[in-house]
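[1] What follows is a protein structure lacking sequence information:
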């Protein structure tokens with residue numbers, strides 16, 4: 001491959017031959033963003049294309065979700081060599097297992113967002129804007145914020161650890177091929193994230209918008225961002241605005257398991273569509289990566305399963321309704337014990353019902369759910385010393401373990417909320433980032449594969465001072481972009 005700037009290959013509109021193409025050449029989601037946007041209908045086509053690209057295997061379609069749980073200690077490997085091992089083993093370097101696909105694909109998505117925004121700006125300047133077009137502007141600003149939030153968590157230190165450390169380049173408009181963007185600080189990136197969310201919110205509708213960003217999706221992402229910034233008041237206010245709106249409702253215990261068999265359910269605030277024939281990853285999907293070895297297909301390799309530590313949390317209540325999306329894993333072959341470590345959220349059910357499309361591998365990605373918003377509210381309220389509120393919000397989710405005593409103002413702790421996040425948001429990509437922002441030690445279930453595999457690239461326990469908790473900038477990007485050449489992450 002030619003030594004071109006990988007960032008620019010992803011973000012320059014003139015370089016349409018990226019690793020996965022600029023936009024799918026399909027009527028449903030394809031258009032040349034730099035030339036075709038004149039109406040809200042054109043903007044919708046581009047928006048569909050952006051969200052389709054977000055379901056790439058390098059982003060929400062698989063690898064970004066896997067990152068959070070494989071690195072956070074809630075997943076364990078049963079065997080090495082099946083795929084994405086380095087996420088668990090931390091075997092990263094600028095030239096090997098750099099996982100530059102995150103960088104490439106997210107900046108590739110950002111290119112389309114920026115083109116959409118600049119074209120809407122041109123329409124506004126010409127005096128031809130419409131209320132419908134402004135909705136797409138609000139959606140684009142919100143998605144740009146989400147993408148930068150994801151990037152800065154992958155490549156920058158936690159905000160509350162060292163916000164003056166390097167984050168990622170901020171590209172807010174299309175760049176030409178000669179651009180050499182350098183990395184902004186973590187604080188600068190977060191400032192831009194909050195600005196985009198704040199600017200986008202008033203442009204969005206307060207009604208449900210299945211498959212699209214609405215006002216409450218914007219607020220949910222803002223609540224998540226503020227939580228990472230330890231802006232407790234902001235996080236609580238944003239979360240409570242969603243909760244009090246009553247637009248979304250929590251699944252009752254009898255509906256929680258079946259919720260994974262349907263699209264756009266009552267808790268789903270923002271959900272990315274995985275479409276058959278377009279973004280269905282088949283044997284490379286989350287469905288295959290998390291199901292039991294050989295279950296439903298000889299191509300199912302049993303890549304990752306729940307760690308003993310996650311199972312210990314769940315075993316506090318054998319009647320926890322969330323067991324309903326779990327099934328036994330391949331370890332029974334060796335032990336004769338049925339260990340329920342295989343997750344079927346992305347298969348719809350343990351019997352591969354999918355979510356209504358006739359495919360067990362094209363299950364939508366629920367990017368943010370109301371249950372997470374309740375847990376954000378609980379954590380932010382507790383940190384603000386509003387214990388009664390914290391208890392109310394936590395217990396709304398904790399009741400999914402019917403045999404556990406409800407939290408009280410005297411018993412509630414931040415660790416209790418963290419444990420509930422682990423149980424409720426398992427396999428949704430949060431655990432590692434939670435452990436980093438809360439400055440927790442992660443212990444890995446390495447004995448699950450020892451002595452067949454010995455982990456050599458990290459210790460059994462790590463914390464956020466370990467340099468490999470942040471990804472390296474790839475050697476190709478370093479070689480091509482002088483702006484980041486002297487800005488490699490420490491330790492690499």
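    That came in fine, so what should we check first? Just so we're clear, the structure is a prediction, and the values are computed from it rather than from any experiment.
[2] domains of this protein?
    Using automatic domain parsing, the domain parsing of the chain gives 1-203+445-492, 282-347.
[3] need the strands for the stretch 201-350 of the chain, in chain order.
    Secondary structure of the stretch 201-350 of the chain (DSSP state E, counting those that start in this stretch): strands at 268-272, 304-306, 326-327, 342-343.
[4] Let me see the mean pLDDT of the second one.
    Looking at strand 304-306 alone, the average pLDDT works out to 94.
[5] next one: the last one
    If you average the pLDDT over strand 342-343, you get 98.
[6] How about residues contacting the helix or strand just after it?
    For strand 342-343, the following helix or strand on the C-terminal side (DSSP states H and E) is strand 365-369. The set of residues external to strand 365-369 that reach it, using CB atoms under 8 Å, 6 or more residues apart in numbering, is 55, 60-61, 65, 146, 217, 220-221, 224, 267-272, 274, 286, 346, 428. Heads up, the C-betas are built off the backbone N, CA and C, glycines and all.
[7] Direction included, what does strand 365-369 pair against?
    Here the strand partners of strand 365-369, with direction, are listed using DSSP bridges: strand 268-272 (antiparallel).
[8] how far does the strand it pairs with sit from the chain's center?
    Average the C-alpha atoms of strand 268-272, do the same for its chain, and the two points are 12 Å apart (CA atoms, centre = their mean, to the nearest Å).
[9] now stretch 62-77
    So, by CA atoms, centre = their mean, the centroid of stretch 62-77 is 11 Å from its chain's centroid.
[10] hang on, the earlier thing: out of the domains of the chain, which gets the lowest mean score?
    Looking at the domains of the chain, the lowest mean pLDDT belongs to domain 1-203+445-492 (a mean of 87).
[11] Quick one: distance of that domain to the chain centre.
    The offset between the C-alpha centroid of domain 1-203+445-492 and the centroid of the whole chain comes to 11 Å, using CA atoms, centre = their mean.
[12] Ok, stretch 258-266 next?
    With CA atoms, centre = their mean as the basis, stretch 258-266 stands 18 Å off its chain's centre.
[13] Buried residues, it. List them.
    By neighbour count with 16 or more other CB atoms under 10 Å, stretch 258-266 contains the buried residues 259-266.
[14] With stretch 155-169 instead?
    For stretch 155-169, the buried set under the neighbour-count rule, 16+ other CB under 10 Å, comprises 155-159, 163, 165-169.
[15] Please, which helix or strand holds residue 134?
    helix 131-155.
[16] Could you give the number of residues near the closest residue to residue 442 other than its chain neighbours?
    Using CB to CB, 6 or more residues apart in numbering and skipping residues adjacent in sequence, the residue nearest residue 442 is residue 73, 4.5 Å away. Each residue near residue 73 was counted by other CB atoms under 10 Å, and the total is 23.
[17] Residue 73: what secondary structure?
    Following DSSP: H, G, I helix; E, B strand; the rest coil, we place residue 73 in the coil state.
[18] From residue 399, how far off is it?
    Relative to residue 399, residue 73 is positioned 25 Å away (CB to CB, to the nearest Å).
[19] repeat for residue 104
    Shown here: residue 104 relative to residue 399, a distance of 42 Å by CB to CB.
[20] In terms of neighbours, single out the busier of those two.
    For residue 104 versus residue 399, neighbours defined as other CB under 10 Å are more numerous around residue 104 (24 against 14).
[21] So residue 475 sits against residue 98, correct?
    Yes: proximity of residue 475 to residue 98 meets the contact threshold set by CB atoms under 8 Å, at 7.2 Å.
[22] So between these two, which is more surrounded?
    The neighbour comparison of residue 475 against residue 98 (other CB under 10 Å) goes to residue 98, with 21 against 17.
[23] contacting residues for the closest residue in space to that one that isn't next to it in sequence?
    Computed as CB to CB, 6+ apart, the closest residue to residue 98 that is not its neighbour in sequence is residue 474, at 4.1 Å. For residue 474, the residues meeting the contact criterion (CB under 8 Å, 6+ apart) are 6, 94-95, 98, 100, 103.
[24] List phi and psi for residue 474.
    Summarising the backbone geometry of residue 474 under the convention degrees, to the nearest 10, its torsions are phi -60, psi 150.
[25] got it, and residue 167?
    Backbone dihedrals for residue 167, given as degrees, to the nearest 10, come out at phi -110, psi -110.
[26] any chance you could map the helices in the stretch 201-350 of the chain?
    Residue ranges of the helices in the stretch 201-350 of the chain, as given by DSSP state H, counting those that start in this stretch, are 215-229, 232-245, 253-256, 286-290, 308-314, 332-335.
[27] Present the ones you listed as JSON lines; the columns should include distance to residue 49 and mean neighbour count.
    Putting the helices of the stretch 201-350 of the chain into JSON lines (distance: least, CB to CB, whole Å; neighbours: other CB atoms under 10 Å) gives the following:
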{"stretch": "helix 215-229", "distance to residue 49": "19", "mean neighbour count": "24"}
{"stretch": "helix 232-245", "distance to residue 49": "28", "mean neighbour count": "20"}
{"stretch": "helix 253-256", "distance to residue 49": "33", "mean neighbour count": "15"}
{"stretch": "helix 286-290", "distance to residue 49": "22", "mean neighbour count": "28"}
{"stretch": "helix 308-314", "distance to residue 49": "36", "mean neighbour count": "17"}
{"stretch": "helix 332-335", "distance to residue 49": "44", "mean neighbour count": "10"}
